[in-house]
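Colleague: what's the 3D shape of this:
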Amino acid sequence: MNRIVSDQDWLAARKALLEEEKAFQAARDALAAKRRALPWRSVDTEYVFETEQGRKSLVELFGDASQLLVYHFMFHPEWDAGCKSCSFWADSYDRSVAHLAARDVSLVAISRAPLDLLLAYRERMGWTFPWASSATSSFNYDFGVSFSAQQIADGTANYNYADGNAAIEELPGISVFARDGGAVLHTYSTFARGLDPYNATYQLLDIVPRGRNESDLTYPQEWVRRRDEY
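Modeller: As a prediction, the model looks like this:
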């Protein structure tokens, strides 16, 4: 248990921490500006996705927006359900779609599983975000979230900008795109712990006394269940 102190001492400690929080927020704002200032690269491959509205290209996934957020949702074609950790994240961003659209941003989840499996799982979980299947394209492989068994065996399965560190065929990430007319530009991607800020539950756990409380687990998200499995 933490120390129990007087109101005056608690307030002094809280104000001292507030100064550190303000400095951290200023540093985070500066980092976000650097992230937005990264150079872009052209996406020249003609990717095709299966969606509820039929086959679409990457530029068509933008809809009317000029910016696109893609959540790389782990769902292998042979799985019966989506990854529980990606489901944990999806519970956070599902209701953001309308708010993002108000700021000229479309959001779509993309997975390698067939569309019918994706939509059935989405219905089970009660989500509403658009979900597209990349089963017929190399999109997941090209953006560093899917790997073949041969790549893993050869040590060439590179995840999160590191060499040969992927040990499983599906991993999570977020990629960001902009469009200029019919041209698509890749502006940013993040993986692994880089996804933490986009999980609202983790951010809430970080401010309660016991935090995420994962240090004694076999792996950090061992406690996580799909929302309908607790």
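
Colleague: drop to CA atoms for contacts and neighbour counts, all remaining ones
Modeller: Noted.

Colleague: immediately after whichever helix in the chain runs longest, which helix or strand?
Modeller: For the chain, the helix with the greatest residue count under DSSP state H is helix 7-36. For helix 7-36, the following helix or strand on the C-terminal side (DSSP states H and E) is strand 41-42.

Colleague: ok now the following helix or strand past that following strand, how far from the chain's centre?
Modeller: Downstream of strand 41-42, the next assigned helix or strand under DSSP H and E is strand 48-51. Counting by C-alpha atoms, centre = their mean, to the nearest Å, strand 48-51 is centred 19 Å from the centre of its parent chain.

Colleague: run through the neighbouring helices and strands of strand 48-51.
Modeller: Packing partners of strand 48-51 (3 or more C-alpha pairs under 8 Å, 6 or more residues apart in numbering; DSSP states H and E): strand 54-57, strand 131-133.

Colleague: state the mean pLDDT of the next helix or strand after the longest one.
Modeller: Sequence-wise, the next helix or strand beyond strand 54-57 is strand 67-72, with elements assigned using DSSP H and E. Mean pLDDT, strand 67-72: 98.

Colleague: now for strand 67-72, which elements pack on it?
Modeller: Here strand 67-72 touches strand 105-111, strand 173-180, going by 3+ C-alpha pairs under 8 Å, 6+ apart.

Colleague: winner for burial among the ones you listed?
Modeller: Ranked by average neighbour count under the criterion mean count of other C-alpha atoms under 10 Å, these are headed by strand 105-111 at a mean of 23.

Colleague: parallel or antiparallel, which strands does that strand pair with?
Modeller: For strand 105-111, the paired strands and their directions (DSSP bridges) are strand 67-72 (parallel), strand 131-133 (parallel).

Colleague: how about residues contacting the shortest one?
Modeller: I take that to be strand 131-133. With contact meaning C-alpha atoms under 8 Å, 6 or more residues apart in numbering, strand 131-133 is reached by 49-52, 108-115, 118-119.

Colleague: please redo it, this time with the cut-off set to 7 Å
Modeller: In this structure, residues lying in contact with strand 131-133 by C-alpha atoms under 7 Å, 6 or more residues apart in numbering are 49, 50, 51, 108, 109, 110, 111, 112, 113, 114, 115, 118.

Colleague: redo those residues as a markdown table? Include pLDDT and distance to residue 222.
Modeller: Listed next are the contacts of strand 131-133 as a markdown table, based on pLDDT from 0 to 100; distance: C-alpha to C-alpha, whole Å:
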| residue | pLDDT | distance to residue 222 |
| --- | --- | --- |
| 49 | 98 | 32 |
| 50 | 98 | 32 |
| 51 | 98 | 32 |
| 108 | 98 | 26 |
| 109 | 98 | 23 |
| 110 | 98 | 24 |
| 111 | 98 | 22 |
| 112 | 98 | 24 |
| 113 | 98 | 24 |
| 114 | 98 | 27 |
| 115 | 98 | 28 |
| 118 | 98 | 23 |
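
Colleague: got TSV for the residues you listed, with distance to residue 93 too?
Modeller: Shown next, in TSV, are these (distance: C-alpha to C-alpha, whole Å):
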residue	distance to residue 93
49	21
50	21
51	19
108	10
109	10
110	14
111	16
112	20
113	20
114	22
115	20
118	16
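
Colleague: quick one: low-confidence ranges for the chain?
Modeller: Applying pLDDT under 70 to the chain flags no residue at all.
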